[in-house]
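1. After the sequence you'll find the predicted model.
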Amino acid sequence: GNKIRNAKLVLLGDVGTGKSSLVLRFVKGQFVEFQESTIGAAFFSQTLAVNDETVKFEIWDTAGQERYHSLAPMYYRGAAAAVIVYDMTNAASFARAKKWVQELQSQGSPNTIMALAGNKADRLEDREISAEEAQTYAQENGLFFMETSAKTAINVNDMFYEIAKRLIRV
Ligand code: GTP
Ligand code: MG
C-alpha cells in the first residue's frame with residue numbers, strides 16, 4: 001500500500017546562504033536573484049515518492065538573521081530532519097554552520113537526520129570551503145554532505161530525496 005509519512009524538516013544557517021532559495025527550488029522549481037531575507041520563518045510543504053511510500057515534508061525555512069536565533073528551537077525540536085546550509089563562497093557561513101550542528105547535537109532531538117548543504121556550488125571560482133573539508137567535518141559529526149546550487153538546481157532534489165530515503169529507513 002502507499003503509506004504517507006509526515007516529516008518535519010527545518011533549514012538552519014547563516015543569513016544569505018540560500019535556505020529560502022533551496023526551498024523555492026525544491027517546492028516550486030524556481031530561483032530568484034533577489035530573494036528577500038526571511039522574517040521569523042516560512043512554512044512550505046512538498047511530497048516525494050520513495051519506493052512505495054510518500055514522504056510529506058513539512059518544511060520550516062528559518063531566518064538566518066541573528067535576532068531570530070532564539071526562535072530556532074521551536075522549529076528544530078521534534079524535527080525528523082535538519083538541513084544546515086552554508087555558502088561555499090563564504091568561510092564565515094561554514095563556521096556558523098558548525099555552531100548550528102553543535103546546537104542541534106546538544107539541544108535537538110537525537111534522531112534528527114542532519115544534512116550539510118554547501119550551497120552556491122555554481123560559483124566555483126569564488127569557493128572558500130573545499131568539498132574535502134566539509135565532507136570530513138560531516139563524516140566526523142554524523143551528517144551527510146552535498147554541495148548544492150539553488151540557482152542551477154544541482155543536487156537540490158537529490159538532497160531531499162536522500163533525506164526521504166533515510167527517513168523511511170527508520
Ligand atoms: P535569510 O532568509 O536571510 O536567512 O537568507 P537565506 O538563507 O534564505 O538566503 P536566500 O535564499 O534569501 O538567498 C540569499 C541570496 O543568495 C539571494 O540573492 C539568492 O538569489 C542567492 N542565492 C541563493 N542560492 C544561490 C545559489 O545556489 N547560487 C547563487 N549564485 N546564488 C544563490
Ligand atoms: Mg530566507
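-> Structure received. Ligands and ions are numbered 1, 2, ... in the order given.
2. now the longest helix along the chain, how far from the centre of its chain.
-> Assignment by DSSP state H gives helix 91-107 as the longest helix of the chain. A distance of 12 Å separates the centroid of the chain from that of helix 91-107, by Cα atoms, centre = their mean, to the nearest Å.
3. by contact count, what packs against that helix?
-> strand 3-13, helix 72-76, strand 81-87, strand 113-119 (3 or more Cβ pairs under 8 Å, 6 or more residues apart in numbering; DSSP states H and E). C-beta: built from backbone N, CA, C; applies to glycine.
4. Among those, which comes closest to ligand 1?
-> strand 113-119 (5.0 Å; Cβ to the nearest ligand atom).
5. so does the closest one get close to ligand 2?
-> No - using Cβ under 5 Å from the ion, strand 113-119 never reaches ligand 2; the gap is at least 11.6 Å.
6. and that strand with ligand 1, contact?
-> Yes - with Cβ under 6 Å from any ligand atom as the criterion, ligand 1 is reached by strand 113-119 at N119.
7. counting contacts, what elements does whichever helix or strand comes after that strand pack onto?
-> Using DSSP states H and E, the helix or strand that follows strand 113-119 in sequence is helix 131-140. Secondary-structure packing of helix 131-140 (3+ Cβ pairs under 8 Å, 6+ apart): strand 113-119, strand 144-147.
8. Find the one among the ones you listed with the highest mean neighbour count.
-> Ranked by mean neighbour count, those are led by strand 113-119 with a mean of 26 (mean count of other Cβ atoms under 10 Å).
9. Make CSV from the helices and strands packed on helix 91-107 and add mean pLDDT to it.
-> Shown next, in CSV, are the helices and strands packed on helix 91-107 (pLDDT from 0 to 100):
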stretch, mean pLDDT
strand 3-13, 96
helix 72-76, 97
strand 81-87, 98
strand 113-119, 98
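10. For S45, find the nearest of the ones you listed.
-> Closest of the helices and strands packed on helix 91-107 to S45 is strand 3-13, at 9.0 Å (criterion: Cβ to Cβ).
11. Name the surrounding residues that touch that closest one.
-> For strand 3-13, the external contacting residues (Cβ atoms under 8 Å, 6 or more residues apart in numbering) are 19, 22-23, 47, 52-62, 64, 72, 75-76, 78-86, 93, 96-97, 100, 104, 117, 163-164, 167-168.
12. angle of that strand against strand 113-119?
-> Orientation note: strand 3-13 sits at an angle of 50 degrees relative to strand 113-119 (axes from the mean of the first three to the mean of the last three Cα atoms, to 10 degrees).
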